[in-house]
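**Student:** need a structure here:
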Amino acid sequence: MTSNQLTLPAFPLKTILLPGEATKLHIFEERYKELVQDCLDNEASFAIPFFENGKMSDFGCEVKIKNVVKEYADGKKDILIECVRIFKILEYSETLSPKLYGAVLIEFERENNAITNSNLQDAIIHYFSTMQNKMIDYDTLSKLSVYNIAASLQLSAQEKLELIASRNKQAVLLNQIKFITHIVNAEQQLNNRFIFN
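**Tutor:** Numbers count the residues shown, from 1 in each chain. Alright, predicted model coming up:
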């Protein structure tokens with residue numbers, strides 16, 4: 001086994017998070033109450049294999065529990081989680097005896113997701129300055145990853161999965177930014193055509 005393979009407790013969800021993205025989860029099933037408690041006790045992370053259309057995807061994300069937002073008398077919890085990194089699923093086990101929950105054998109991405117494509121760099125700078133009124137320079141951009149930028153675009157789960165699964169993430173991200181920019185520009189042009197009396 002190579003060093004970038006690991007077995008993690010698994011909580012399959014339809015949720016797709018990119019590194020740095022956070023979300024709340026309501027934990028009510030016994031197996032996931034056990035999983036969360038084990039992770040809290042051991043300050044451990046867990047895996048979210050992406051579950052879509054009734055089947056497991058080939059990808060998922062490792063998440064850490066940022067904090068317990070609310071605890072209920074019956075053991076249910078609301079937790080805030082944050083995505084740490086993306087992985088490829090090598091093997092899934094529905095139960096990890098004697099535990100109630102399952103596990104995944106995963107392999108972490110080896111690729112460097114730094115933004116090196118000059119067309120993508122230009123498109124990002126243009127997008128942030130015109131669409132979000134934020135100034136971003138090339139120096140700042142050099143410290144960001146494809147996932148950092150993608151997380152700020154409010155992509156759909158399918159668009160995130162397309163990005164994660166792609167061998168050319170920079171090309172996919174460039175297309176996504178171009179599409180968003182096109183839609184926003186079309187909406188603005190449409191709004192400008194209306195003349196109010």
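**Student:** Residue 176: neighbour count?
**Tutor:** Here the count is done by other C-beta atoms under 10 Å, and residue 176 has 19 residues near it. Any C-beta I mention is one placed from the backbone N, CA and C, and that applies to glycine too.
**Student:** Wait, it touches residue 149, no?
**Tutor:** No. With contact defined as C-beta atoms under 8 Å, residue 176 does not count as touching residue 149 (9.4 Å).
**Student:** Give the full set of residues in contact with the nearest residue to residue 96 once chain neighbours are set aside.
**Tutor:** Distance criterion C-beta to C-beta, 6 or more residues apart in numbering; nearest residue to residue 96, sequence neighbours excluded, is residue 103 at 4.2 Å. Contact analysis of residue 103 by C-beta atoms under 8 Å, 6 or more residues apart in numbering lists 7-10, 47, 92-93, 96.
**Student:** Quick one, which of those residues are buried?
**Tutor:** The neighbour-count criterion (16 or more other C-beta atoms under 10 Å) marks 8-10, 47, 92, 96 among the contacts of residue 103 as buried.
**Student:** Turn those into TSV, including secondary structure.
**Tutor:** Listed next are these as TSV, based on DSSP: H, G, I helix; E, B strand; the rest coil:
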residue	secondary structure
8	strand
9	strand
10	strand
47	strand
92	strand
96	coil
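**Student:** nearest to residue 18, of the residues you listed?
**Tutor:** residue 47 (15.0 Å; C-beta to C-beta).
**Student:** I'd guessed that closest one sits against residue 13; true?
**Tutor:** No. Residue 47 lies out of contact with residue 13 (C-beta under 8 Å); the separation is 10.1 Å.
**Student:** Kindly reformat the contacts of residue 103 as a markdown table and extend each row with distance to residue 86 and pLDDT.
**Tutor:** As requested, the contacts of residue 103 are exported to a markdown table (distance: C-beta to C-beta, whole Å; pLDDT from 0 to 100):
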| residue | distance to residue 86 | pLDDT |
| --- | --- | --- |
| 7 | 17 | 94 |
| 8 | 13 | 96 |
| 9 | 17 | 97 |
| 10 | 15 | 97 |
| 47 | 11 | 97 |
| 92 | 16 | 94 |
| 93 | 20 | 93 |
| 96 | 22 | 86 |
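**Student:** right, and out of those residues, which lies closest to residue 133?
**Tutor:** residue 47 (37.1 Å).
**Student:** Name the helix or strand of the chain that has the lowest mean pLDDT.
**Tutor:** helix 169-193 (a mean of 86; mean pLDDT, DSSP states H and E).
**Student:** other SSEs contacting that one?
**Tutor:** Under the contact criterion of 3 or more C-beta pairs under 8 Å, 6 or more residues apart in numbering; DSSP states H and E, helix 169-193 touches helix 118-131, helix 146-151, helix 157-165.
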